[in-house]
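Engineer: Here is my input; please provide its structure:
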Amino acid sequence: KNLTHPKNAFSVRLHSCPVIARKPNMKYLCGYKILAEIASGGFSTVYKVQETTPPYRYFAAKRFNRLSDFNIFTQEATSLAKVCHIAGTQTFFRAICHKDQLVILTEYIDGTSLKAQVKQHGPMSEAQALHIVLTLGNQIAQVHLSGLLHLDIKPSNILITAERHIILTDFGVASPLSTTRSEVVKTDFCYTAPEKYHGRQSTTSDIYSLGATLFYLLTGTTPFPNSKKSSDAYQMLAHCSQEIELPDTLSEPVQALLRRMLAKQDKERPTTPELLQQLQQCLSSDINTHPITPANPMEKDLPDESTSYATAAKHNIPFAQYRYALTLEEKDPAAAMHWYKEAAQQGFTRAQNNLALLHTERDEPESALHWLQQGAENNNPYCQYNLSRELRKQSRQDNADFWLSRAANQGHERAQNTLAIQLEEDTQFEEAFSLYQQAAYAGLTAAQYNLGLMYESRKTPDTSEADELATFWFQRAAQSGHLRAARKLPTHNEKAPE
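Structural biologist: Just a heads-up that it's a prediction; the model follows:
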């Protein structure tokens, strides 16, 4: 894949650009003319844009809605650079990070999402749906070979063009294949594999989501539909504990395929090569060539989110136990500690961190240290940072520095700011700048102020816009109540270019 122009370098270097105000009627984004809004969601808005100079190419510009999504932005840019050679993925062009703009530029694809296609035209025939899933299966196999898990496969993230080409998009939550533990669920709960709620992930997590996508293409509904909007907690409980009801009108080979792809236990699902083989077998079997008649989702009263989390907690789902404990901390600390402990004993590290903090409040330092150590060794950055603080109190400096560095490398903003201060004192300015920048974008006001100071004192790698960027970060910190940052503003406003 080449963009026939000197700018076709596939790089994740962060390019500078003019700041464009975030206004509903804005006409330009980072120097590109906005032609239309393509899609919008919780993390970002996607626009069709065009260059303002020859050769006037079109691109898809994904602008992230919050500065605090900086880590997702960098993760997606890095992931796209790894997979853009794969047929059926968007070509990555550039990542733009400047002041309050986080934008990823990819090739513009004139197509519609599979979700929109089904909503407009109804369910697909088995033959049509299986051909699409076979194409996606081959793409996912290549993504896995590139060392990534996609982890957000769903109909709205898959485009189909007028020529019937299938394009897999949105690598915002993609994760290295080597990362087998993850307790953060940022995806659509209607398509998320059950093991994710137990803090695990693997290649078969993508197979499960692909199975849920196939179910949608065939039926026009998600595996656990309801005419009333269900909560995330209800969807999690359903995917973890309820059997999926397959329409009788589906052929036996397709029903067998869906049962394997949507198995509750990840080890019972097919591997990617096995899936591709079973898809080929299905396509050569006696399958339906006409779409089934979509059934109306059942209308039933659903429990609220808190009740669903409570029920899921009793089903021994660590993510639910952790979330349920969060709701109990103020009104019933003893019950919160119980559910944190249930999740912690299953190795759920976010529960281990919160359990340690409760032990600290109760003046039980040995128990607190035990759970912090457990979570830190299981790679939880919050446990690593809190453990470093506890070890520092005990004058165990070397161990404290070790865990501080581990937490900073995993994106803990307070750890990044603390380590950056140490690096700046040791005149390691480039390393300090990188950590301040990450923590500042995450929203830590102290880091925003410190980053402003670095720009002010010309200690940054690029000093061409130092005064302007210093003012920007002082303003961000001042807006959050940082008094020293606020006192910096009059001087810097005098220096700022008109």
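
Engineer: Now residue 119: which helix or strand?
Structural biologist: Assigned by DSSP states H and E, residue 119 belongs to helix 114-121.

Engineer: what comes into contact with that helix?
Structural biologist: Taking contacts as CB atoms under 8 Å, 6 or more residues apart in numbering, the residues outside helix 114-121 that touch it are 112, 124, 132, 154-156, 158-160, 213, 216-217, 220. Any C-beta I mention is one placed from the backbone N, CA and C, and that applies to glycine too.

Engineer: May I see those residues organised as TSV, with secondary structure, distance to residue 206 and neighbour count added?
Structural biologist: Output for those, formatted as TSV (DSSP: H, G, I helix; E, B strand; the rest coil; distance: CB to CB, whole Å; neighbours: other CB atoms under 10 Å):
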residue	secondary structure	distance to residue 206	neighbour count
112	strand	23	15
124	coil	21	23
132	helix	15	21
154	coil	11	21
155	helix	15	23
156	helix	16	18
158	strand	13	27
159	strand	18	22
160	strand	19	19
213	helix	10	25
216	helix	16	24
217	helix	16	23
220	coil	22	20
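
Engineer: quick one: which two of these are the most distant?
Structural biologist: Farthest apart among these by CB to CB are 159 and 220. That separation is 18.5 Å.

Engineer: about what we covered before: where's the helix holding residue 119 relative to the chain centroid, distance-wise?
Structural biologist: 24 Å (CA atoms, centre = their mean, to the nearest Å).

Engineer: Quick check: buried residues in that helix?
Structural biologist: Neighbour-count burial for helix 114-121, counted by 16 or more other CB atoms under 10 Å, picks out 114, 115, 117, 118.

Engineer: can you check stretch 392-406 too?
Structural biologist: In stretch 392-406, counting by 16+ other CB under 10 Å, buried: 392, 400, 402, 403, 404, 406.

Engineer: close enough to count as contact, the last one and residue 381?
Structural biologist: What that stands for is residue 406. Yes - counting by CB atoms under 8 Å, residue 406 does reach residue 381; the two are 7.5 Å apart.

Engineer: Touching both of those two, which residues are there?
Structural biologist: If you check residue 406 and residue 381 against CB under 8 Å, 6+ apart, no residue is contacted by both.

Engineer: sec struct for residue 63, please.
Structural biologist: Local secondary structure at residue 63 is given as strand here, using DSSP: H, G, I helix; E, B strand; the rest coil.

Engineer: Please tell me how far it sits from residue 209.
Structural biologist: 25 Å (CB to CB, to the nearest Å).

Engineer: So which of these two has more stuff around it?
Structural biologist: residue 209 (26 against 22; other CB atoms under 10 Å).

Engineer: Now do the phi/psi pair for that one.
Structural biologist: phi -60, psi -40 (degrees, to the nearest 10).

Engineer: what's the burial count for the closest residue to it other than its chain neighbours?
Structural biologist: Spatial nearest neighbour of residue 209, chain neighbours left out: residue 153 (3.9 Å); criterion: CB to CB, 6 or more residues apart in numbering. Counted with other CB under 10 Å, the neighbours of residue 153 add up to 28.

Engineer: residues touching residue 153, list them.
Structural biologist: Residue 153 is in contact with 136, 140, 168, 191, 206, 209, 210, 213, counting by CB under 8 Å, 6+ apart.

Engineer: Which pLDDT value does the model give the fifth one?
Structural biologist: In this case it means residue 206. Listed pLDDT for residue 206 reads 98.

Engineer: Pull the residues that contact stretch 369-376.
Structural biologist: By CB under 8 Å, 6+ apart, stretch 369-376 touches 344, 347, 349-350, 352-353, 355-356, 359, 382-384, 386-387, 390, 403, 406.

Engineer: Please identify the buried residues of it?
Structural biologist: Buried, per 16+ other CB under 10 Å, within stretch 369-376: 369, 370, 371, 372, 373, 374, 375, 376.

Engineer: of those, closest to residue 338?
Structural biologist: Nearest to residue 338 among those, with distances taken as CB to CB, is residue 371, at 14.2 Å.

Engineer: Helix or strand: which one has that closest one?
Structural biologist: Assigned by DSSP H and E, residue 371 falls in helix 365-377.

Engineer: swap in residue 106?
Structural biologist: Applying DSSP H and E, one finds residue 106 within strand 101-107.

Engineer: And for that strand, what's in contact with it?
Structural biologist: In contact with strand 101-107 (CB under 8 Å, 6+ apart) are residues 1, 3, 17, 19-20, 29-30, 32, 49, 59-64, 67, 69-70, 73, 76-77, 80, 90-97, 441.

Engineer: Of those residues, which belong to helices?
Structural biologist: 70, 73, 76, 77, 80, 441 (DSSP state H).

Engineer: Taking the residues you listed together, which two end up most distant?
Structural biologist: Using CB to CB, the pair of these lying farthest apart is 80 and 441, separated by 18.8 Å.

Engineer: Against residue 181, how distant is residue 346?
Structural biologist: From residue 346 over to residue 181 the distance is 12 Å, taken as CB to CB.

Engineer: shared neighbours, the two?
Structural biologist: Residues touching both residue 346 and residue 181 (CB under 8 Å, 6+ apart): residue 199.

Engineer: So residue 348 sits against residue 320, correct?
Structural biologist: No - the criterion here is CB under 8 Å, and residue 348 misses it with residue 320 at 10.1 Å.

Engineer: Quick one: mean pLDDT for stretch 113-121?
Structural biologist: So the average pLDDT for stretch 113-121 ends up being 95.
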